[in-house]
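Chemist: what would the 3D arrangement of this be:
(chains A and B)
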Number of protein chains: 2
Amino acid sequence: MLERMNSLAPLLAPNSVALIGASDDPQRIGGRPLRYLREAGFAGTVFPVNPRRDTVQGLRSYASVADLPETPDVAILAVPAAGTLDAVRACAARKVKAAIVFSAGFAEADDAGRALQEEMTGIARESGMRLLGPNCLGVFSPATGWYGTFSAMLDGTLMQPGPVGIVSQSGAYGSHIAHLARQRGMGIGKFITTGNECDIDVAEALRWTVEQPDINVVMAYAEGIRNRDVFLDALHVAQKREKAIVFMKVGRSEVGAHAVSSHTAALAGSDAVFDAVFRQYGVWRARTTAEQLDVAQACARGVYPKSNRIGIFTLSGGFGIQMADDAEAAGLDVAPMPEDAQRKLKAMLPYASPRNPVDATAQALTDLPLMTSYVAAMLEKGGYDFFTGIFGSGPASPTFAHRLREMLETASRSSASTIMSLTMSAPPEIVRSYEAHGFIVNEDGTALMTALGALVHFRESFDRARQKESDAPLPAPATLGAGPLGEHQAKTILSAAGIRFPAEALAGPGDDVGAVAVSIGFPCVIKIASPDIAHKTEIGGVAIGVADEAEARAKGAAILARAAEHRPDAQIDGLLVSPMISGGVEVIAGVSIDPSFGPVVMFGLGGIFVEVLKDVTFRAAPFDVSEAHRMIREIRGYPVLEGARGAPPADIDALADMLSALSRFAAANERCLDSVDLNPVRVFEAGKGVVALDALIVTRSSTP
Amino acid sequence: MLERMNSLAPLLAPNSVALIGASDDPQRIGGRPLRYLREAGFAGTVFPVNPRRDTVQGLRSYASVADLPETPDVAILAVPAAGTLDAVRACAARKVKAAIVFSAGFAEADDAGRALQEEMTGIARESGMRLLGPNCLGVFSPATGWYGTFSAMLDGTLMQPGPVGIVSQSGAYGSHIAHLARQRGMGIGKFITTGNECDIDVAEALRWTVEQPDINVVMAYAEGIRNRDVFLDALHVAQKREKAIVFMKVGRSEVGAHAVSSHTAALAGSDAVFDAVFRQYGVWRARTTAEQLDVAQACARGVYPKSNRIGIFTLSGGFGIQMADDAEAAGLDVAPMPEDAQRKLKAMLPYASPRNPVDATAQALTDLPLMTSYVAAMLEKGGYDFFTGIFGSGPASPTFAHRLREMLETASRSSASTIMSLTMSAPPEIVRSYEAHGFIVNEDGTALMTALGALVHFRESFDRARQKESDAPLPAPATLGAGPLGEHQAKTILSAAGIRFPAEALAGPGDDVGAVAVSIGFPCVIKIASPDIAHKTEIGGVAIGVADEAEARAKGAAILARAAEHRPDAQIDGLLVSPMISGGVEVIAGVSIDPSFGPVVMFGLGGIFVEVLKDVTFRAAPFDVSEAHRMIREIRGYPVLEGARGAPPADIDALADMLSALSRFAAANERCLDSVDLNPVRVFEAGKGVVALDALIVTRSSTP
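Modeler: This is a model prediction of the structure:
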């Protein structure tokens, strides 16, 4: 895999490039890349290829790739779908390292296009040439003037370089956010659009981009993923290297998911699982495009806070309240100023409210030197990691804007590690001047607090990655066999994987179930034991609360009779006898195989929490115990486990152990598993453990 | 009240104005209003008042209000707090109709300021002069060039008139959103900031603004309200007149609520109750400032859709998916094109995906006439009330932007009633040109869908107001008496109000509880009957499942003994016997007195829904049955009432009747009530009614 990673370098940092289908018209798809490269002063060599011209936009043109004086690092294919195959063949023959295919009309269009795409991919793979696209908008990297794209968004204004990467399956979306970033004065380091992803996909592009030293944050976009391992590796590397990923994943809704499948070949996994994976790896999932930009802009400097404590400075009480609401909603701590600091501030400005939000009132504006000392005192004494100032439309006046900024700069001089931010509405040039001095600025207070909350989120995620122990090796795969598994077999297999079940005994066809029940104790539960009967209650195959030996014999016989009546074809192993266990909190856990992420573990509380409120959460397997703890805390019903309604706290540690063990079992056996259900599971009070009362393992119909 | 309403007219449409404390310096608080009035060409007469000058900014200055040649409609007081009282006295003496007080240093500052404010208010009230402020930024109304404000936001650029009103307690917030509105090219019709609200408050300003014919939508801001009746009347009038209110209510969080109380004298009611009142009256509560502007901008034309059907047109599949996700989340219906229309579109553009989102692919751009016919066919055949086009950064190029707009205009010519909207990123002048042609434009797709969803929300709210029957008169107040009420009394009172309880009988001190139980039937419930014992189970005062006469006597005696032991002081009325009722869905309902809104009804499901999930909802009393239905549907546990887990649907109609009856009881008795609890209430299956098993009424300690 490492070799494949390195092979993206020529695509994003080529020394030479051929433009196949080069046009003299700088507005055409074949003309734009050349125009952009020349406008940007690209230092590498550019070879236009166009058999019908001697020069293209003033550069010497070549009749074919074969005629080029040297092998270019990258070829840009600006030719229609029909001509692509020949061009790819010519590039492959010339040992070009990577090609970018702009044209649509491939797998996204129809079966013929799909066949064309597959043929093209085969040619490239055979020669080791990497392909980007087809149906993509290409790449750019402004620092070196490299523009392998025809995006119309660059008409008139190229991009500034900067620490923000864009990796987008959709060229239109990638261009849209690049444009919005430019409007906000954000520089872009790397821009990669992957289109139909016949070779290079979002996962690989992301994996490469987060390794780049000039990138602090990546704005990513995808409808689905094709390669789980590379994708999860990319997320993991980003987390370890403290690179923030701000992801727009679409296809949440039913209509959206339908459109995904009609639009691309990408497998859209369950959106809830994507959500869980993002939480697992500390990716920020943007709910809106604006949020994606807000968060990326805040992360661009690569500076993260030590804690979530925020000091809010306002000249308007109401505005301060709004910001406090938003700060709390974003997970920030609007901690009050220390009492002695409040006294000091009160002495400086008797009218002001020095708690937090610190409300200096509009009157403070009449004495800027005093306000400077006031803010300085707030910063020194408050111990805040964030400072936010609420200036509203005040800085809209240029003179005033300048003086306010100087005031803040002077006041914050001795609090260098505080992340400074502002809510204000002003013309762009004023906002840019604040940003140039290190302030995070947003005209919407809620958006600003969300972005600061995201910085805390990333700080915690990066810390988790650092503190995480190296993954223990997975257990050896279990022997699941080819056929269906009975409850007793499932429990035996899962017991070996570390899941706890009640002691139980099988009364085989000839055995006396009464005697077996005596050995277990009363009251007990008796269930039909058959690999062919998954849903035992439906055929009357379960008796609970069996009180004595005689009842055990009677109920056992009745169960066997009903099984014979309803499922005469079923293999009957006998009767399973287990103690009647009650008490504790009822939860459920399970494993399913997600089309995108493979084995995932589901967890929820039993009863109405799952059935009415759909209050469940997921994780990609495997995960460790601390991740299991985070998972457990995510459900809305979590207070029940903490001991709601006078109940004692439940054994959450044991539950986390169980979920992690289940995830390791799932990962070790993913190729043979279809699903696992542990339902119900009883979580007893703290220290008393967790017991799964029933287990169902469904193996894949086609076991390898 | 009507008279008071009319009295806001001079404030917002004065013929003459005195500026007390007028300054020659156009940057000072006393100079700005004069400058703005002159820049705006205010047609009325302006009288600067400044005893130290002969002229102010070129106008003749007067030494005092007494010296003015005529009585001005409005006086602007641009003097410090200390000088305000004299100025207010002078204005009152001169019979000025309204005064605007800019200065801070009143009730928001300290006790001395509070006293000053009260004195000032008293003087004004005595003379019938209305007061705006103190501590406010004043008003403006650009259509007449009337600027009674010193907001620095107007430095350099005044406002354009338009159908959007701003009513804000906070001057800073009001200026901020006015500035943001101006940046978006939105015109403002009326701008009112109320500050400390010593006389005119947000409720009255809102009530007046929604009556103005030039206003279609109001952006409002408040920390709390002072006058429930005027506030609710304002919301009701707005709903009836189809004026949209987009409200930023702050103080959601604990810190925020703390800051509210430290900041203003406004009583901050429970935020959840505000939320409920907004839902009740169809007010849109903005979660963010940006959303407030997004929604107000969409409502500015006063055009609302017939339904929530939206057709999404995209050139990028992925973008279309994102928009479909957002549309669904906003409550819009991304209904597929009719089959025959899909066939027609498919014939026009074989590559395109014609379902909805209709994805024409970027290729459609190569043939704009064809794309025009394509979009026209989509609009004609789709029957959508909304059209949204996803153009991304395409229109960022001016030439292309113009052609795209023409394409859409031509295509939509025969679908005039469709609300046309676009997601695109482009320089402001291009966006303005689209807006001038009637398009709703937002660079953020999620924000656009939220705004369109708000249009549906308002359409439904306005329809509700139209269909609503006139309120039935409230029942006569009940005789609640002065002391505490026992369960039996509470039930008798509430029965008369239309709440259903089980048949029950009181066994008085000398009666045979066994015989009474026989008359009720077995199994039965026996409870202590005492107005002094509210929480009966805590003293062992309840026996359930009593099976026969003998048990009734024994349990009854035990209950009386425990009551005598635990509460020897309590008045004992005897024992209450009622049938043991089980089954149905357990819910709770109650009444409390909210500091802002008075009597509010609370409703929720019993058990974990209330205790763990806090899954309750509110309404201000009184409300009708259809409002009760909407209330019931709001709780997360609603599926339980619809019949989750195989249970039959519950009698939601009877539940709605009960909640409405409870609300009417609460409204009729609000002056005597402290709270009502109906807990538990059992909702039986549809057609079988609702029964409250217990009732507690707490009357106010100080009954009138």
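
Chemist: do you know how far A:Gln571 is from A:Gly483?
Modeler: With distances taken as Cβ to Cβ, to the nearest Å, A:Gln571 is found 9 Å from A:Gly483. Where C-beta positions appear, they are placed from N, C-alpha and C, glycine not excepted.

Chemist: please apply the same query to A:Arg682.
Modeler: According to Cβ to Cβ, A:Arg682 and A:Gly483 sit 29 Å apart.

Chemist: and A:Thr372, by the same measure?
Modeler: A:Thr372 sits 79 Å away from A:Gly483, going by Cβ to Cβ.

Chemist: neighbour-wise, which of these two wins?
Modeler: Legend: neighbour count by other Cβ atoms under 10 Å in any protein chain shown for A:Thr372 and A:Gly483, higher for A:Thr372 (18 against 12).

Chemist: so that one: helix, strand or coil?
Modeler: Going by DSSP: H, G, I helix; E, B strand; the rest coil, the secondary structure assigned to A:Thr372 is helix.

Chemist: need the overlap of contacts for A:Gln571 and A:Gly483.
Modeler: Applying Cβ atoms under 8 Å, 6 or more residues apart in numbering or on different chains, one finds that A:Gln571 and A:Gly483 are jointly contacted by A:Pro531.

Chemist: quick one: residues contacting the residue found closest to A:Ile245 once you drop the neighbours it is linked to in the chain.
Modeler: Excluding the flanking residues, the one nearest A:Ile245 by Cβ to Cβ, 6 or more residues apart in numbering or on different chains is A:Val283, at 4.7 Å. Taking Cβ under 8 Å, 6+ apart, we find A:Val283 in contact with A:Leu235, A:Ala238, A:Ile245, A:Val246, A:Phe247, A:Val277.

Chemist: try it again with 6 Å
Modeler: By Cβ atoms under 6 Å, 6 or more residues apart in numbering or on different chains, A:Val283 lies in contact with A:Leu235, A:Ile245, A:Phe247.

Chemist: give me the subset of those residues lying in helices.
Modeler: A:Leu235 (DSSP state H).

Chemist: so for chain A, the centremost residue is which one?
Modeler: In chain A, the C-alpha nearest the mean C-alpha coordinate belongs to A:Phe278, at 2.5 Å (Cα atoms, centre = their mean).

Chemist: and for the one helix or strand it maps to, what's in contact with it?
Modeler: If you go by DSSP states H and E, A:Phe278 is part of helix A:271-280. The contact list for helix A:271-280 (Cβ under 6 Å, 6+ apart) reads A:Lys249, A:Arg252, A:Arg285, A:Asp594, A:Phe597, A:Val600, A:Phe618, A:Arg619, A:Ala620.

Chemist: mind running it again at 7 Å?
Modeler: By Cβ atoms under 7 Å, 6 or more residues apart in numbering or on different chains, the surrounding residues in contact with helix A:271-280 are A:247, A:249, A:251-252, A:285, A:594, A:596-597, A:600, A:617-620, A:623, A:627.

Chemist: longest single helix anywhere in chain A?
Modeler: helix A:445-467.

Chemist: next up, the contacts around A:Cys91.
Modeler: A:Val65, A:Ala75, A:Ala99, A:Met129.

Chemist: show me which of those is closest to chain B.
Modeler: A:Ala99 (20.0 Å; Cβ to the nearest Cβ).

Chemist: list the contacts of the closest one.
Modeler: By Cβ under 7 Å, 6+ apart, the contact list for A:Ala99 reads A:Val74, A:Ala75, A:Leu77, A:Val88, A:Cys91, A:Ala124, A:Met129, A:Leu131.

Chemist: isn't the third one up against A:Ile20?
Modeler: It stands for A:Leu77. Yes: the pair A:Leu77 and A:Ile20 passes the contact test of Cβ atoms under 7 Å, sitting 5.2 Å apart.

Chemist: got a pLDDT number for the residue of the stretch 451-600 of chain A found nearest chain B?
Modeler: Using Cβ to the nearest Cβ, the single residue of the stretch 451-600 of chain A nearest to chain B is A:Val585, 11.1 Å away. The score at A:Val585 is 94. That number is its pLDDT.

Chemist: now it: how far from A:Pro648?
Modeler: With Cβ to Cβ as the criterion, A:Val585 and A:Pro648 are 10 Å apart.

Chemist: same check, this time on A:Ala570
Modeler: 42 Å.

Chemist: and for A:Leu379?
Modeler: A:Leu379 is 45 Å from A:Pro648, where distance means Cβ to Cβ.

Chemist: higher neighbour count, the two?
Modeler: A:Leu379 (21 against 13).

Chemist: now do the more buried one against B:Ala172, distance only.
Modeler: A:Leu379 is 22 Å from B:Ala172, by Cβ to Cβ.

Chemist: domain assignment for chain A?
Modeler: A:1-135, A:159-301, A:310-467, A:503-579, A:585-699 (automatic domain parsing).

Chemist: quick one: residues contacting A:Gly643.
Modeler: Contacts of A:Gly643 (Cβ under 7 Å, 6+ apart): A:Pro649, A:Ala650.

Chemist: where's the residue in chain A sticking out farthest from the centre, which helix or strand?
Modeler: In chain A, the residue that sits farthest from the middle, by Cα atoms, centre = their mean, is A:Ala550; the gap is 57.3 Å. Take DSSP H and E as the rule and A:Ala550 turns out to sit in helix A:549-566.

Chemist: give me the distance between that helix and the centre of its chain.
Modeler: Relative to the mean C-alpha coordinate of its chain, helix A:549-566 is positioned 51 Å out (Cα atoms, centre = their mean, to the nearest Å).

Chemist: stretch A:141-154 now?
Modeler: On Cα atoms, centre = their mean, the centre of stretch A:141-154 falls 27 Å from that of its chain.

Chemist: how about the one helix or strand A:Leu180 maps to, which residues are buried there?
Modeler: Using DSSP H and E, the element containing A:Leu180 is helix A:171-183. Across helix A:171-183, burial judged by 16 or more other Cβ atoms under 10 Å in any protein chain shown covers A:171-183.
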